[in-house]
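K.L.:
Take this sequence and fold it.
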Amino acid sequence: MDSLPDTRITSAFFINNMLTVAMSDGRIVIYPCQQMTWLINATPEQQQDFAVESDGYGVWWHELDDGIALHHILSPKPVLQPITTAQ
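P.N.:
Next comes the predicted model:
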């Protein structure tokens with residue numbers, strides 16, 4: 001089982017389909033959100049209605065009832081894999 005990182009999210013902002021998070025270790029991570037269709041398809045008001053979780057391990061969009069965990073933000077792999085269907 002993966003352990004949680006020592007670093008935490010201290011603040012975040014979302015603009016132009018990019019999530020920018022500041023980490024407790026001083027890093028700034030800019031995360032492209034194009035694969036999170038639930039967020040890209042939201043209204044601008046819904047996109048801005050988020051908070052850093054109190055433990056610092058994620059960002060949560062209240063009205064959308066969804067979010068992204070810190071380990072996904074730090075992962076080099078995309079959050080969602082494209083779905084293909086056999087024809």
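K.L.:
Export the host helix or strand of V59 to PDB, keeping only CA atoms.
P.N.:
Using DSSP states H and E, V59 sits in strand 58-61. Written as PDB, here are the backbone C-alpha positions of strand 58-61 (Å, rounded to 0.1, in the frame of the first residue of the first chain):
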ATOM      1  CA  GLY A  58      -6.900  17.000  -2.000                       C
ATOM      2  CA  VAL A  59      -9.000  19.600  -3.600                       C
ATOM      3  CA  TRP A  60     -12.800  19.300  -3.600                       C
ATOM      4  CA  TRP A  61     -15.500  21.000  -5.700                       C
END
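K.L.:
who's in contact with F13?
P.N.:
Applying CB atoms under 8 Å, 6 or more residues apart in numbering, we find F13 in contact with L19, T20. For the C-beta atoms, the positions are set from N, CA and C on the backbone; glycine is no exception.
K.L.:
quick one: which helix or strand includes it?
P.N.:
Assessed by DSSP H and E, F13 sits inside strand 9-15.
K.L.:
Rounded mean pLDDT for that strand, please.
P.N.:
Average pLDDT, strand 9-15: 91.
K.L.:
mind listing what it pairs with, with the direction of each?
P.N.:
strand 18-23 (antiparallel) (DSSP bridges).
K.L.:
can you pull the buried residues of the following helix or strand past the partner strand?
P.N.:
Following strand 18-23 in sequence order, the next helix or strand is strand 28-32 (DSSP H and E). Buried residues in strand 28-32, defined by neighbour count with 16 or more other CB atoms under 10 Å: Y31.
K.L.:
which other residues reach strand 28-32?
P.N.:
Contacts for strand 28-32 (CB under 8 Å, 6+ apart): N17, M18, L19, T20, V21, A22, M23, I68, I73, L74.
K.L.:
What score does the residue most central in space within the chain have for pLDDT?
P.N.:
Centroid-nearest residue in the chain: I68, 3.8 Å away (criterion: CA atoms, centre = their mean). Predicted confidence (pLDDT) for I68: 92.
K.L.:
same check, this time on P32
P.N.:
For P32, pLDDT reads 87.
K.L.:
Likewise for Q47?
P.N.:
At Q47, pLDDT is 91.
K.L.:
Ok, T37 next?
P.N.:
Predicted confidence (pLDDT) for T37: 89.
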